[in-house]
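Trainee: sequence plus predicted model, see below.
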Amino acid sequence: MTISEDATDKICLEETWRPKRKTFKADLITDQKRLVRGEQLLAARTALRVRDEQHHREWRVLMLPGESPAEEVGAIRGLMPKAFIVAADRVESSLLAAAAVGVDEIVQVDLEAFEKRGVHYRPPAKIWALGKFDLILMDLCSNVNATMRRLFRIYFEKALTPNGVMVFNFSYGRDVAEVFIALVKRYPETLPLIPDTVRGRLLYLFGGYGAIRSVMTYRGAAMPMCSVLLQRGSWTGGQYSYVACEPGDFELAVTCPDPAIMYACPAERIEALRRTNGALKAAWTRKLKGLTDVKFCPWCGLETENEFWLNPIQGSSSRQR
Ligand SMILES: C[S@@+](CC[C@H](N)C(=O)[O-])C[C@H]1O[C@@H](n2cnc3c(N)ncnc32)[C@H](O)[C@@H]1O
């Protein structure tokens with residue numbers, strides 16, 4: 001078989017070619033990723049609530065912003081309003097975007113530039129100096145390899161508070177599958193709910209860690225992805241959940257045809273809540289745009305220009321007048 005000159009060029013190019021680092025923009029965020037992000041954040045909040053026996057605390061969150069961090073920061077703020085959010089990335093523009101959407105601290109750092117202390121390694125000095133985190137959202141989206149495994153171990157062991165939570169996302173598809181197949185055969189009884197394609201990768205990355213609580217597979221922009229939630233110091237003893245997202249799951253989650261059944265809430269109450277939230281959102285958007293000086297009734301949350309609502313005592317006396 002002869003290889004044409006073009007083809008030879010291509011082979012040479014492929015051997016030396018390294019992919020240019022892509023920045024992670026909003027259009028690369030799939031709906032399935034949004035669903036998984038929301039579900040894992042909810043699960044992380046539950047785990048931290050159980051740990052701290054408190055609804056909300058100033059949980060310290062480490063996240064990787066990417067180029068469009070508004071969604072993720074919004075989700076964290078929505079679920080954990082008191083959180084102290086640190087955005088770490090090696091790309092400056094991602095950090096500027098994170099600062100613009102109101103994270104508490106930004107750090108430009110290569111998360112893999114570990115610091116050697118004797119025979120051990122720990123996270124880079126810039127991260128180490130910030131103290132430990134209650135929640136680390138390790139959304140690197142890289143494929144499974146030795147660096148990822150090392151990165152997981154160092155951050156899980158050295159950067160989390162006791163019983164802290166980590167969400168670790170990885171892609172699978174362009175890695176050396178044989179490595180994982182061997183592990184699947186060696187440990188046939190570990191993580192039995194999970195299909196072998198994913199199970200082998202989990203065994204490789206998280207091996208001896210019995211701390212896995214939730215595994216979700218989903219469609220990323222370019223590749224199949226897996227999101228794993230682990231909690232330090234917890235031994236789940238086989239109690240973990242596994243969800244494979246299907247097309248349409250996101251739409252179903254956000255527009256469930258009958259939320260009254262899903263949340264066991266009367267349909268009229270859901271309607272009333274939707275109206276209130278709609279009005280509140282519209283008023284808030286206008287306020288942000290600076291179009292009007294909108295005021296809110298502190299009891300019903302609705303927009304009002306009526307002083308009565310702003311101060312009931314003053315209001316009632318002015319009504320009496
Ligand atoms: C997938 S994006 C994050 C997306 C974001 N979490 C979201 O949901 O929209 C991954 C980010 O991690 C950053 N990143 C990847 N490897 C890194 C490393 N070793 N050190 C620091 N940042 C890294 C990339 O620059 C990119 O901004």
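Mentor: Noted; the coordinates are in hand.
Trainee: what about the closest residue to Ile194 other than its chain neighbours, which SS state?
Mentor: Spatial nearest neighbour of Ile194, excluding adjacent residues (Cβ to Cβ, 6 or more residues apart in numbering): Tyr242 at 5.2 Å. To be clear about C-beta, it is placed using only N, CA and C from the backbone, and glycine gets the same treatment. Classification of Tyr242 using DSSP: H, G, I helix; E, B strand; the rest coil returns strand.
Trainee: could you check which helix or strand contains Trp268?
Mentor: You called it Trp, but residue 268 is Glu. Applying DSSP states H and E as the criterion places Glu268 in helix 267-289.
Trainee: and Tyr209, by the same measure?
Mentor: Assigned by DSSP H and E, Tyr209 belongs to no helix or strand.
Trainee: repeat that for the one 5 residues further on.
Mentor: Ser214 belongs to strand 212-219 when elements are defined using DSSP H and E.
Trainee: neighbouring strands of that strand in the sheet, and parallel or not?
Mentor: As defined by DSSP bridges, the strand partners of strand 212-219 come to strand 224-231 (antiparallel), strand 241-244 (parallel).
Trainee: so which bits of the first one are buried?
Mentor: The one in question is strand 224-231. Using 16 or more other Cβ atoms under 10 Å as the test for burial, strand 224-231 gives 225-231.
Trainee: centroid residue for this structure?
Mentor: In the chain, the residue lying closest to the centroid (Cα atoms, centre = their mean) is Arg37, at 4.3 Å.
Trainee: please report phi then psi for that residue.
Mentor: Backbone torsions for Arg37, taken as degrees, to the nearest 10, come to phi -60, psi -50.
Trainee: give the contact list for it.
Mentor: Listed by Cβ atoms under 8 Å, 6 or more residues apart in numbering, the contact partners of Arg37 are 71-72, 75, 227.
Trainee: now do it, the pLDDT please.
Mentor: Arg37 carries a pLDDT value of 95.
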